[in-house]
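Asks: Show me how the following folds:
(2 chains)
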Amino acid sequence: MKITKMLPAGLALALALVFLTSATPADAARKFPWKPIRVIVALGAGGSHDMNSRAVASVANDYFGQPMIVQLMPGGGGKIGMTALKRAKPDGHTIMLASASHLTIGPHVRNMGYHPLKDFVPIFMINKADYMMVSPASKPWKNFKEFEAAAKKNPGKVSYGSSGVYGTGHLMILKIMADTGIKLNHIPFKGGGPAFRAMLGGHVDSAGALPATGGTLGRYKRGQLNILGVCSEKRVPLFPKVPTMKENGVDFILASKRFYIGPKGLPQDRVDFLVEGFKKLLKNKSYRRLISKMGEVPTPLYGEALKKDLADEYNRFGKIFASIGVKKK
Amino acid sequence: MIEQILEGISIAFTFQAIGMVAIGVFAGITVGAIPGLTGVMATAILVPFSFFMAPTLGIPFLLGVHKGALFGGSIPAILVNTPGTPPAAATCLDGYPLAQKGEAKSAIQMALYSSTLGDTFSDIALIVAAIPLAAMALKFGPADFFGLLVMGLTVISSVTGASVSKGILSALIGLMFGLVGLDAISGAERFTFSLPTLEGGIGLVPLLIGLFAVSEVLIQVEKKVSQLAEKPPTSHLRGGRSLKMEEFTASGRTIFRSSIIGTIVGAIPGTGSSIATFIGYGAAKRASKKPEEFGHGSYEGVAAAEAANSAVAGADLIPTLTLGIPGGGTAAILMGAFIAQGLRPGPSLFEENATTMYAIFALLLIGNPIMLVQGWLLTGIFAWVVTIRQSLLLPCIIMFCVVGGYIFQNNLGDVELSLIAGVFGYLLRKMNYPLAPLVIAYIITPMAERSFKQALLLSQGDYSVFFTRPISLFFILLAALILFMSIWKRPWATPGGE
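Replies: Numbering: from 1, shown residues only, chains lettered A, B, ... in the order given. Below is the predicted model of the structure:
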């Protein structure tokens, strides 16, 4: 029965350790970063953001002198994670791999309790994956023109499975309908994975996809699905035959961008330190191998250019919502 | 092909590889045994470590964690009536009464054997039938999912306990809880009271922690202080007897049935081990020769729940590996680990990485005897938890409840939620309302609602879609049959009524 007697002693020791480690000398005297960098991801486990953040974290120690610890904080449509970042000490030890749906899309339609541009400091965009529109091979259309014709013939009957209400897929549907005049049947799912699955099974007629979703590239090559369009400026080297959505008559640029942000008040020298680290990290071979397998394209962007990119994107989505007539609740 | 299989097996039978599985299983059981720490969390925390290992070491390590956690969850379920992981909720129903009778050791052994057998069955199913089964799961449209979930709801009828009306009321409360959050189709907020914590719905983990663990502490606290400070009678717990062979063989059919149920449910994406457990438990109760023992300490009940939830482990990977669509939460994280190792899930996975995949499969199977051995040894270690004075144990459980509620999403709101759910669960239990129907209805409702609405959107509002699709029709007819059977059987099963 010694164990039960040792329990209180053990607990006391553990508590003492907790207090000891939380006492730190003056921040200014120490070289940043002096403890692991916490990376918040406001999305669930196994998603593309989770995977990206972990790919970076797997090599981070060599470039920042401290490990990166990914902390998933899903829920509340991003509110929980974003609020945690907003309240975090702006010392560079807490940053976030942010998501467009929480930063540039969500705030237009929901009250998130933060300002996406004013409450946060952009640090570094590391890579992106272009959004694509896909259809199962079993459907009669092979390209967007035929898809459009089928939808014109049966207004409101051709379906599109999205990752959820007012997510990127929903925005895509609204934009397609606004630009082409067709009427689609919007079927929201919980996440892009289930929507993609329903598309593969032929239960919905079309869906959105990233190169990493459910092995899009392999399925395309084997002829299981057709890619109707890519939401990029130019055609993508991985799929040279696939037209852009712009060529299809839908003026919509959309990519899943992976960028790091920090809380407001983050000192410039620490932002610079992180930017330099990310720049070098992008050249790491094992990291490049990881992300190319996920179908991600490295897109280093930082400083004013990143700030402008985010502001532009925020305003662009705002305009799209306004033009479609979607108002904030 | 034979060559690749042999090469894979030779990679698997190395000291390092088997050692990694053993470490994974150990970590999994430990984490699973701590209420609030789930297998999903454990794998999420451990995935980055696997990045630094070879695929044939890192992946089996994570699979070991997944396996271990599913069994580990049963230990606190039996010992302190607190499911260590959500799928172990059904294990409480019979495991805890057994522990109260002094049969904790044999109950844990029953859980261990049925877990291991269920897992092994499921792993074999994964290896043999991965590709054809996945093709079937892809045929499930929203209407078919709805049919399946309706069938799941009928299980409530078999776990209502003594009073049918209280069971139904409890299920309705669960259904109401399931409605909280963002509407799946319109995105409107429902019953959130503008609280960010409730926007994503009531969290499953905090709810379960509250209903099962916090309420238990509250019930114990009613006792006199002197009683709590007393050392519980340890004789029957310490030297508890081992499971008898005939007790085990009597549950053989149940384990087999639950293994099949768990495997099928696991192979369907979006349904988790929690559902499999309750379906397996309900089916066992209906088929049992002694249904009246269920809920009062039936070995069959423990076997039914544990075999079903562990049988999800392997089958979960069927859609994950063959379609690249995760079968559940843990599978989603495992998929991330596969991709990070350059093993892209999909039908081509087996063509391109045959040797690696066979090595992983071999280690998946080896993990089962490892779990059996570790579980056997750990039974003794974990049994002392119950022998601790309650005045020491209860504060620790509350601490784990708070910590577990917090680390679920790092949200203090979830801690509050679990404490409120605890008081609520306490009141329900004091009034003899069964908790199981509440939990089942709560888990199934949001999924069923989404599938129902999606099916109707696709059919342009035509309700006949649920009866014209063969898969959906099959499940709805099965549900009707189950309902009919449970109504028809009741007067005979419980003479004189209850």
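
Asks: could you pull out the helices for the stretch 301-450 of chain B?
Replies: Using DSSP state H, counting those that start in this stretch, the helices assigned to the stretch 301-450 of chain B run over residues B:317-323, B:329-340, B:349-352, B:354-387, B:390-409, B:412-430, B:436-458.

Asks: Can you list the buried residues in stretch B:164-177?
Replies: B:166, B:167, B:169, B:170, B:171, B:173, B:174, B:175, B:177 (16 or more other CB atoms under 10 Å in any protein chain shown). (Glycine included, C-beta is placed from N, CA and C.)

Asks: Also stretch A:60-77?
Replies: Buried, per 16+ other CB under 10 Å, within stretch A:60-77: A:60, A:63-64, A:66, A:68-77.

Asks: likewise stretch B:465-485?
Replies: Within stretch B:465-485, the residues scored as buried using 16+ other CB under 10 Å are B:465, B:466, B:469, B:471, B:472, B:475, B:476, B:479, B:482.

Asks: From these, pick the one nearest residue B:108.
Replies: Of all those, residue B:108 sits closest to residue B:482, with 30.6 Å by CB to CB.

Asks: My read is that the closest one contacts residue B:154, right?
Replies: Yes - using CB atoms under 8 Å, residue B:482 is in contact with residue B:154, at 4.6 Å.

Asks: Can you name the residue of the stretch 51-200 of chain A nearest to chain B?
Replies: Nearest to chain B, among the residues of the stretch 51-200 of chain A, is residue A:165, at 3.2 Å (CB to the nearest CB).

Asks: doesn't that residue fall inside a helix?
Replies: No - secondary structure of residue A:165 (DSSP: H, G, I helix; E, B strand; the rest coil): coil, not part of a helix.

Asks: Neighbours of it, how many?
Replies: 19 (other CB atoms under 10 Å in any protein chain shown).

Asks: What of residue B:7?
Replies: Counted with other CB under 10 Å, the neighbours of residue B:7 add up to 15.

Asks: so who does it touch?
Replies: Neighbour list for residue B:7: B:355, B:358, B:359 [criterion: CB atoms under 8 Å, 6 or more residues apart in numbering or on different chains].

Asks: Go through the residues you listed and say which is closest to chain A.
Replies: Once CB to the nearest CB is applied, the member of those that ends up nearest chain A is residue B:355, at 18.6 Å.

Asks: before we move on, back to that, for the residue of the stretch 51-200 of chain A closest to chain B, give its distance to residue A:179.
Replies: Note on residue A:165: its distance to residue A:179, by CB to CB, to the nearest Å, is 20 Å.

Asks: Tell me the secondary structure of the residue positioned nearest the centre of chain B, please.
Replies: For chain B, the residue nearest the mean C-alpha position is residue B:87 (1.9 Å; CA atoms, centre = their mean). The local conformation at residue B:87, judged by three-state DSSP, is helix.

Asks: tell me the mean pLDDT over stretch A:312-323?
Replies: The average pLDDT within stretch A:312-323 is 88.

Asks: In it, which residues are buried?
Replies: Neighbour counts over stretch A:312-323 (16+ other CB under 10 Å) mark A:313, A:314, A:317, A:320, A:321 as buried.

Asks: The last one - nearest residue in space that isn't next to it in sequence?
Replies: In space, and not counting its chain neighbours, residue A:321 is closest to residue A:108: 4.8 Å by CB to CB, 6 or more residues apart in numbering or on different chains.

Asks: my read: that neighbour touches residue A:324, true?
Replies: No - with contact defined as CB under 8 Å, residue A:108 does not reach residue A:324; the gap is 10.7 Å.

Asks: just to revisit the earlier point, can you flag which of the buried residues of stretch A:60-77 belong to strands?
Replies: Mapping the buried residues of stretch A:60-77 onto strands (DSSP state E) picks out A:68, A:69, A:70, A:71, A:72.

Asks: Check whether residue A:79 really touches residue A:101, as I assumed.
Replies: No - the criterion here is CB under 8 Å, and residue A:79 misses it with residue A:101 at 11.8 Å.

Asks: Give me the neighbour count for the closest residue to chain A within the stretch 51-200 of chain B.
Replies: Distances between the stretch 51-200 of chain B and chain A by CB to the nearest CB are smallest at residue B:187, namely 3.2 Å. Taking other CB under 10 Å as the criterion, the count of residues near residue B:187 is 17.

Asks: Check the secondary structure at it for me.
Replies: Local secondary structure at residue B:187 is given as coil here, using three-state DSSP.

Asks: any idea how far the nearest residue to it once chain neighbours are set aside is from residue A:134?
Replies: Counting by CB to CB, 6+ apart, residue A:165 is the residue found nearest to residue B:187 once chain neighbours are left out, at 3.2 Å. Distance, residue A:165 to residue A:134, by CB to CB: 20 Å.

Asks: Then residue B:28?
Replies: Applying CB to CB to residue B:28 and residue A:134 gives a distance of 37 Å.
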